[in-house]
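Student: Return a 3D structure for these sequence lines:
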Amino acid sequence: MKYIKKIIASLMLAGVVLVGGTVLAQAQQVRNSSGNVVGRIDSDGSIRNGSGNKVGYIDGSGNIRNSSGNKIGCIESDGTIRNASGSRMGKVDSDGTVRNSSGNKIGSVDSDGSIRNASGNKTSSASGVKRSWAAALFFFDLL
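Tutor: Have a look, this model is predicted:
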């Protein structure tokens, strides 16, 4: 859980999304603002840190789980993101705008995978990763 919180905090403040490896295609790597690979999301939803260790995953139902398999949240089909107790944490709109539980814009995920802070500055990228998966990292620290 501590890893998950660190990543989300990084996304919110610095735009860092996940941790990386070299096994997957570039499209699934997550890069920081300097272009360095900081993580990856596998096609099966596995989230891996910089050492390639699985630190969590998003299952086919949109449940976000830590490395122990415990549900820490979920992504609903309409983009709503909830914590493990079901409380609404935020939402990713269809255009990639990421909003907190109050509806305020906290960032965005562009169609090309660029991750931007609330001011519109590019902070990282997650090309090839589902927008909702990348947006969930604004709320859950999976690394």
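
Student: tally of neighbours for the closest residue to residue 77 other than its chain neighbours?
Tutor: Using CB to CB, 6 or more residues apart in numbering and skipping the chain neighbours, the partner closest in space to residue 77 is residue 62 (7.2 Å). C-betas here are computed from N, CA, C, even on glycine. Residues lying near residue 62 (other CB atoms under 10 Å) number 18.

Student: Verify the contact between residue 54 and residue 67 for me.
Tutor: Yes. Here residue 54 reaches residue 67: they are 6.0 Å apart, a contact under CB atoms under 8 Å.

Student: Tell me which of those two has more neighbours.
Tutor: residue 67 (17 against 12).

Student: which one is that one nearest to, not counting chain neighbours?
Tutor: residue 55 (5.1 Å).

Student: Can you tell me the SS state at the one you found?
Tutor: Assigned by DSSP: H, G, I helix; E, B strand; the rest coil, the conformation of residue 55 is strand.

Student: Surely it and residue 49 touch.
Tutor: Yes. In terms of CB under 8 Å, residue 55 counts as a neighbour of residue 49; the distance is 5.0 Å.
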